[in-house]
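Asker: Following is a predicted model, sequence given first.
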Amino acid sequence: MNVSSLPYVALVLVMAPLYALSPRTIRPWLLLLVSLAFYGSFNWAFLPILLAVILASWLAGLTLDGGRRSPWLVTFWLLVVLAPLLFYKYLLFWFTEALIGLVPTSGLDFGGYGAVLIPVGLSFFTFQGLGYVIDIQRGLYPPERNPARLALFISLFPQLLAGPIERYPSLAPQLRAAARPSPDMVLDGLVMLFYGLFLKVCLGDGLGVTVDAAYEAPDRIGAATALVGIYGFTFQLFADFAGYSFIALGAAALFGVRLTQNFKQPFFSRSIVEFWQRWHISLTRWIGDYLYRPLGMRVIGVAWLPRFWQEALTFFIVWLVMGLWHGASWTFVLFGLLQAGMMLAYGRWSRGRRGLPTLVGTALGMLLTFHLVVLTFGLIRAPSVTAYGDMLAAMLSAAPGPVKIADRSNMLVLLAIVLAVETARRFPARMTLGNRVVDRVPWLLAPAAGLWQRCLAIAALILLVILMGHDEGRTFIYFRF
Amino acid sequence: MTKAAPSSISASRLARALALTAALLLAIDQGAGVFLDYVYGRSSKSPVARIAMVAPETLILGSSTGRTAIDPASFLPGAYNASENGQGLFYVASVLRNLPDLPQLKRVVVAFDPAEFTTGYRSSTFKQLRRHTPLARQDPMVRDWVARGDPWAWLKFRSGLYPYRGGADSVIEGWYKPRLNGNGFLPLKGSQVQEVSLAEDRSPPEPVLPEAQRALDAIAVSGRRLGVQLIAVVTPMAGQLRDRSNRFSPAMKTIHAAFAGNGNCDLTRDPDSFLDAFARRPDYFWEGPHLNAKGAAVYSRWLAERIVQSCPKRD
């Protein structure tokens, strides 16, 4: 069941009131049942994989609790939880077609990306389970004794497929409480659900047509097509992934669950470091807590290594892992290394600089960050490093050629709407302009917005989705990872 | 039961507001749908409305091959080419089923691609019928095609706006600024074909699919309803004689069966072997199945003569 489809919206809008009206003791069971059935709707053969990750996490939690923390045991359980992910991401493509036919694989069509075998959501729910196991091993909280509760934490359907990757202490208590959503939460949930749908089916899927055409033959396109392809993909990726995240936040809110906000206007970042604090926030935090900091502590222990090289080594290892998480491909390796290089360069440049940045400095920082992000994000889309090089070469070549933008006028209107909404959300509700204190119109996604403002926003978003959405139902890009 | 978190609004107020929002949405959707239906019926974006605006005596329908092959300027007087790029058999059937009675319309030339009869729903043109979703509002057969494989179509087509998704602006633009595309012909300049040799087709015959038969029957029935003469043609292709192809022989027989009789005319066969020589001329083709302007002028004149000779006017 595609998350941006009418059946999914119907599922959420039918199940949420049922959930709220059912007795509290029933609610977690109902949510678990819906979550497992939802995952099974992709391919029933995937369910055992999800259940295996849940079971492994539960057993690992119980085993690693209570002082039995030998490094071998910890490594063993981490590998058990990670096994399906490692198998699908890094081992399966060595297999012959006959062997691949023996395991359940994704039949999702990603258009222009080639065949993807990994079961949808595997990365995300594995990370969620892994985070839980590491926390137990660190003694941060006691393990969950009830496997059904842990199953719900790992498989909660709104965030099961592509995050946000939640932490046990923030999500599990909400699931245990099984509280009804407040009217405010319902309203915010609906706004987020339809804003996410709008981003995905209107903007993301619309841009996808143009981007796919540009990346089809990067060695035979003009400068304008390459420019539109590279910049268009970054907006497509944002609309696609942030769209999914908003749908997840909105759907969860309708079941009384608040999830982590995964995107905070990333294109308004003043530096690459800030960008990664605003883009795919839950993964960045996860990597920070479970990889960057532990690794950094170890590298600091290497006394003979100068400070700069300690930092560089940590960055490069972490970003190499981030790159390889996207897939076993040189494009992702290069993507990771470029991010590490940029962050390291920014760290060196900003060291010792104090004081608030000027308005010009802020604007320049935003512009530079945006363009660097766009240029490196091309690696996520390009099928090979050569193709990426061709795109860059075409963009810089000034070679003539017609540029085809599918649905050009609609795309510009939609981009303008998203830019307006994201700009409004980026700046504080109360600002000082000259001598006056100005209250920004609290509009979309602002809990402070009035009832009717939010109802109007919902109505406008639904109308836009009906009138400007794409019907083809493109699969979310991050389902590949 | 767990209490809900404190909220700035009450549940009953929220319920009333959401009910009112839903009612407002429904009213806008249905109201805008009625408006767009009205506009679509008068917009040049609609092939049906465009044909009614031009009121031709001879109408040409088909895909891009028909659009680039038959030049009304070198054809019969009062001709209009309403073929569309990317469309085909199902488009022709959809347009003819929805065309109102036009007193001046005497004949409809249908440019067939025999390959569509063997690929049916798998043909690339079938999917592109979605561009004409508004036609599906009133026509169950077109809706059946456009919404094929979508179990939620029953709900989507209750929406007034849904059929216009992604195209409402161009429908409105075609209403206040109609574009009839001249006589509809698309002239292509130059040639990308270097040399041509006629290849012998040894592939086995491919059966006609039921959906293609259904579309062909719909065309024949619409022709009778409109009281027009239907003329079947297969436009030339560089290096291929599709009318004599072994692979398409079942498709050609089906077209012949549907178009021979009832005052209709089957010109898919070429008794004087004009197309043999034509298909060997690289300078007549822009590329494979598409003629250039030079080839189109020659072909259109020949076809016009054949119609005059072989397709007597109906009483």
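Answerer: Structure received. Residues are numbered from 1 along each chain as shown, chains lettered A, B, ... in the order given.

Asker: contacts, neighbours, all on C-alpha from now
Answerer: OK.

Asker: which residue packs closest to residue A:256, ignoring adjacent ones?
Answerer: Excluding the flanking residues, the one nearest residue A:256 by Cα to Cα, 6 or more residues apart in numbering or on different chains is residue A:181, at 3.9 Å.

Asker: got it, and residue A:45?
Answerer: For residue A:45, ignoring the flanking residues on the chain, the nearest one in space by Cα to Cα, 6+ apart is residue A:104 at 5.9 Å.

Asker: low pLDDT regions in the stretch 301-450 of chain A?
Answerer: A:354-357, A:400-409, A:424-449 (pLDDT under 70).

Asker: what are the ranges of the strands in it?
Answerer: Along the stretch 301-450 of chain A, counting by DSSP state E, counting those that start in this stretch, strands occupy A:430-433, A:436-439.

Asker: circling back to that earlier point, test my guess that the residue nearest to residue A:45 contacts residue A:46.
Answerer: Yes - with contact defined as Cα atoms under 8 Å, residue A:104 counts as touching residue A:46 (6.6 Å).

Asker: out of those two, which sits in the busier spot?
Answerer: residue A:46 (21 against 15; other Cα atoms under 10 Å in any protein chain shown).

Asker: so who does residue B:10 touch?
Answerer: Going by Cα atoms under 8 Å, 6 or more residues apart in numbering or on different chains, residue B:10 touches residue A:183.

Asker: how about the helices in the stretch 101-250 of chain B?
Answerer: Secondary structure of the stretch 101-250 of chain B by DSSP state H, counting those that start in this stretch: the helices cover B:115-119, B:124-127, B:140-146, B:153-156, B:168-176, B:210-226, B:249-259.

Asker: And the last one, what does it pack against?
Answerer: Using 3 or more Cα pairs under 8 Å, 6 or more residues apart in numbering or on different chains; DSSP states H and E as the contact test, the elements touching helix B:249-259 are helix B:210-226, strand B:229-233, strand B:265-266.

Asker: Please tell me how far the closest residue to residue B:260 other than its chain neighbours sits from residue B:309.
Answerer: Nearest non-adjacent residue to residue B:260, counting by Cα to Cα, 6+ apart: residue B:266, 5.7 Å away. Distance from residue B:266 to residue B:309, counting by Cα to Cα, to the nearest Å: 12 Å.

Asker: Then residue A:4?
Answerer: Distance of residue A:4 to residue B:309, given as Cα to Cα: 57 Å.

Asker: between these two, who's got more neighbours?
Answerer: residue A:4 (25 against 9).

Asker: Just say helix, strand or coil for the more buried one.
Answerer: When classified by DSSP: H, G, I helix; E, B strand; the rest coil, residue A:4 comes out as coil.

Asker: Wait, a helix at residue A:104?
Answerer: No - with three-state DSSP as the criterion, residue A:104 is located in coil rather than a helix.

Asker: what helix or strand does residue A:455 sit in?
Answerer: Using DSSP states H and E, residue A:455 maps to helix A:451-468.

Asker: for residue A:214, same thing?
Answerer: helix A:205-216.

Asker: Ramachandran angles for residue B:58?
Answerer: Backbone torsions of residue B:58, given as degrees, to the nearest 10, read phi -120, psi 130.

Asker: wait, what's in contact with it?
Answerer: Residue B:58 neighbours (Cα under 8 Å, 6+ apart): B:76, B:77, B:78, B:79, B:80, B:105, B:106, B:107, B:108, B:109.

Asker: Is the fourth one bridged to anything, and to what?
Answerer: I take that to be residue B:79. residue B:58 (DSSP bridges).
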